[in-house]
Structures are given as structure tokens and as C-alpha cells.
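K.L.:
Need coordinates for the following:
(one chain, ligands or ions: 1)
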Amino acid sequence: MEFSLTGFSTGANHTVPEEVKVLILGAGPSGLAAALYAARAELSPLVLTGLSLGGQASTTHLIENYPGFPEGVGGAELGELFQKQAERFGARFEFDSAIGVDFSSRPFRVKSFSREFLAETVILATGASPNHLNIPGEKELTGKGVSYCATCDGWFFKGKRVAVVGGGDSALEEALFLTRYADSVTIIHRRDALRAGAILQSRALSNPKIQFIWNTVVAEIKGEKAVESLVLKNVQTGEETNYPTDGIFIFIGNKPNTEIYRGQLEMDERGYVIANQLMETSVPGVFAAGEVSDAIFRQVITSAGMGAAAAIQAGRFLEHMEG
Ligand code: NAP
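P.N.:
Residues are numbered from 1 along each chain as shown. Below is the predicted model of the structure:
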């Protein structure tokens with residue numbers, strides 16, 4: 001079988017492919033925990049980090065539900081600690097992304113931007129990315145008032161008005177974070193009930209800087225050089241209104257980063273890699289951990305746990321093959 005992404009010729013780089021026992025794709029909590037466990041099992045793991053070291057968690061200002069940090073820990077800081085710990089036991093990290101995979105035979109071939117690898121086992125830990133609203137103005141004004149990361153962009157909205165879209169944990173957590181900077185934060189939610197957990201709900205509902213607009217979707221984002229207003233549509237009455245704002249933060253869930261695996265292993269209709277409780281995918285020797293295969297828990301701790309389990313299973317798989 002060919003590489004699943006053909007944008008880059010497999011023969012473009014003439015260096016000899018590097019042979020690796022455990023190749024880990026992605027450096028969020030699952031990839032980093034897999035690296036730690038594989039390194040401690042002396043499997044010399046190599047991690048292709050992708051673009052975001054620490055994964056989605058690294059864009060979270062404060063993680064309050066990762067055990068061992070009673071006062072909470074910064075998302076980026078936690079990622080750095082995970083990495084340091086894995087490196088201490090010999091894990092290697094490369095700031096590079098996998099762009100094509102061939103899982104049709106072992107060793108598996110993986111192509112990155114800079115070179116190729118022959119991997120005896122692969123752990124897929126490429127996580128997920130934020131969903132977009134796909135409405136007029138969103139793409140054009142991204143980085144000009146449209147954002148998917150409050151930790152990254154909140155500071156730019158000091159003393160301004162911002163809107164947050166979504167009713168889940170992310171929307172509320174990020175809205176609360178934005179109250180540090182913005183004068184007012186308006187959460188726009190398509191229903192009249194929040195999906196977020198109880199603690200976040202009560203914190204957001206009692207925060208004087210946060211208002212809610214219920215049963216409403218954003219139909220369009222308007223602005224010349226930067227966001228100026230939103231066209232809001234009430235889903236019950238169909239009424240449309242113009243809502244002035246300086247920024248809009250969108251937190252409406254995620255989609256798994258599994259495009260490059262398409263056609264190589266089993267996935268569900270939403271693109272999540274199908275893996276069993278041993279983190280095994282439909283291809284023996286390829287394991288999946290974290291949000292590439294988990295649409296249910298999506299927590300730092302559960303992803304890290306899956307990463308550890310995937311590395312343990314990769315070790316067992318190698319032992320079995322060698323035995
Ligand atoms: P989520 O739980 O899937 O919530 C997405 C929200 O966006 C929902 O309220 C949904 O509305 C809304 N939505 C979806 N598509 C929309 C659209 N096209 N237009 C308008 N609204 C739309 O996603 P999340 O908040 O990113 O959380 C993801 C996972 O991470 C969850 O499992 C969550 O528990 C976890 N998480 C946990 C924490 C924490 O524990 N502190 C923090 C962040 C995330 P409906 O409610 O109507 O479906």
C-alpha cells in the first residue's frame with residue numbers, strides 16, 4: 001500500500017529511513033505518557049511532536065483536575081514536565097510531523113516533513129483539533145478577533161467585549177479565564193441548558209462579568225479589518241440581530257486528527273480510530289491513545305493513562321514478536 005498522503009513524494013528525501021522500535025506520533029498527554037512508559041521499558045521511543053508540544057492541554061491556562069497538583073498546573077507547564085520526565089529515561093523528541101503512513105506491512109513506514117522511519121510499532125497520539133462554525137467571516141477574521149484559544153489570545157482583549165460560543169466545559173472554562181482581561185464576556189449557546197460540569201456552571205453563572213444568550217447561534221461574523229459584530233439568530237423564533245463585539249472565541253468541540261491514517265486502519269464515521277481496551281487498532285502493532293480514538297473522556301488524565309497503556313502494549317507486542 002502507498003502512503004496515505006501523497007502530497008509529498010516518498011522518494012524526495014534520499015536519506016536512509018531510521019529504524020525505530022516505538023514511534024509515537026503526537027506530543028499531547030497521551031504521546032508524552034507513552035514516551036515515558038516506552039522509555040522506561042528501554043524501547044528507545046522517538047516522538048514526532050507535531051506542531052503543538054503538550055497538545056490541546058497546553059492551551060489551557062490552568063488545569064485543576066490533574067491529580068498531584070492541588071493548586072492546579074498550567075497546561076503548557078504540565079506538558080513540559082511530562083516531556084522532561086520522558087527525556088530523563090531516554091525518550092527522543094523531534095519537532096516534526098508525520099505526513100504519511102503505510103501500515104500495510106511491518107516494519108511500518110512513516111514519512112515526516114523531513115525524513116522517513118521504519119517503525120516496529122507505532123502509537124497514534126495525534127489528538128484532536130477545535131471544530132469551526134463554518135460561517136461567513138470566520139476564516140477571514142481568524143487571528144483578527146476570531147480565536148479558538150483564550151490562553152493564547154485573551155490578553156489582546158483587555159478592557160474589551162468578547163463573545164464565547166458553546167455550552168461545554170471548554171466554553172465555560174475559557175469564558176471564566178477571559179474575565180481577567182475583558183470587561184464583558186457573553187456566552188452564546190444554542191440551547192437553554194449547559195453541557196458543562198456543575199462547578200464550572202455555578203462559577204460562570206455567578207460571575208458578574210459573564211452574561212448568557214440562550215437558544216442562539218452565530219450566523220455570521222462581521223468586520224472590515226477586525227471583528228466588529230456578530231449576526232445572531234434565535235433558533236426558536238428565527239429572529240436575527242446584530243450584536244457588537246470586539247472578539248469571538250469558539251469552543252464547540254473537537255475533531256480527531258486522523259486524516260493521514262484514512263484507509264490504513266478502521267475508523268468510525270466521525271473519523272475516530274477504533275481501538276479496543278488494550279489500545280490495539282485493527283492493525284497489529286499500531287496502537288492508539290487519547291483523543292485520536294477517544295470521543296468520550298477527553299481528559300488529560302485519561303489521555304495520559306491511555307498513552308501509558310499503549311506503550312505497555314507496544315512493549316508486550318515486541319516481546320511476543322521477538323519471542
Ligand atoms: P463539548 O463538550 O463537545 O461541548 C461542545 C459545546 O459546543 C456544546 O455545548 C455544544 O452544544 C456546542 N456546539 C457544538 N457544535 C456547535 C455548533 N455548530 N454551533 C453552536 N454550538 C455548538 O466540547 P468541549 O467543551 O470542548 O469539551 C470536550 C471534552 O473535554 C469534554 O469531554 C469535556 O468534559 C472535556 N473538558 C473538560 C474540562 C475540565 O474537566 N475542566 C475542560 C475542558 C474540556 P450542545 O450542548 O447543544 O451539544
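
K.L.:
Next, the contact list for the residue of the stretch 101-250 of the chain at minimum distance from the ligand, please.
P.N.:
Residue of the stretch 101-250 of the chain nearest the ligand, by CB to the nearest ligand atom: Gly168 (2.4 Å). Any C-beta I mention is one placed from the backbone N, CA and C, and that applies to glycine too. Neighbour list for Gly168: Leu194, Arg195, Ala196, Phe251, Ile252, Gly253 [criterion: CB atoms under 8 Å, 6 or more residues apart in numbering].

K.L.:
Tell me the confidence at it?
P.N.:
At Gly168, the model reports a pLDDT of 97.

K.L.:
Over to it: give its phi and psi.
P.N.:
Main-chain dihedrals, Gly168, degrees, to the nearest 10: phi -100, psi -170.

K.L.:
and it, how far is that from Arg195?
P.N.:
5 Å (CB to CB, to the nearest Å).

K.L.:
One more: Gly90?
P.N.:
In terms of CB to CB, Gly90 sits 42 Å off from Arg195.

K.L.:
Figure out how far the lowest-mean-pLDDT helix or strand in the chain is from the centre of its chain.
P.N.:
None of the helices or strands of the chain scores lower by mean pLDDT, DSSP states H and E than helix 150-153, at a mean of 86. In terms of CA atoms, centre = their mean, to the nearest Å, the gap separating the centre of helix 150-153 from the centre of its chain is 15 Å.

K.L.:
Contact residues of the stretch 101-250 of the chain facing the ligand?
P.N.:
Contacts of the stretch 101-250 of the chain with the ligand, taken as CB under 6 Å from any ligand atom, map to 133, 165-171, 173, 190-191, 195, 217.

K.L.:
Next step: the residues you listed restricted to strands.
P.N.:
Val165, Val217 (DSSP state E).

K.L.:
Which pair of the residues of the stretch 101-250 of the chain next to the ligand spans the longest distance?
P.N.:
Within those, Glu173 and Val217 form the most distant pair, 20.9 Å apart (CB to CB).

K.L.:
Who has more neighbours out of those two?
P.N.:
For Glu173 versus Val217, the count of surrounding residues by other CB atoms under 10 Å is larger for Glu173: 22 against 17.

K.L.:
so the more buried one touches Ile63, yeah?
P.N.:
No. Assessed by CB atoms under 8 Å, Glu173 is found out of contact with Ile63, at 9.7 Å.

K.L.:
Identify the residues contacting stretch 129-149?
P.N.:
Applying CB under 8 Å, 6+ apart, the external contacts of stretch 129-149 come out as 56, 59, 153, 165, 218-223, 225-227, 246-255, 257.

K.L.:
got it, and stretch 48-55?
P.N.:
23-32, 58-59, 75-76, 78-80, 82-83, 93-98, 110, 112, 126-127, 257, 290, 303.

K.L.:
Of those residues, which belong to strands?
P.N.:
Secondary structure from DSSP E places Leu23, Ile24, Leu25, Phe93, Glu94, Ala98, Val110, Ser112 of the contacts of stretch 48-55 in strands.

K.L.:
farthest pair in those?
P.N.:
Using CB to CB, the two most remote members of the ones in strands among the contacts of stretch 48-55 are Phe93 and Val110, lying 15.3 Å apart.
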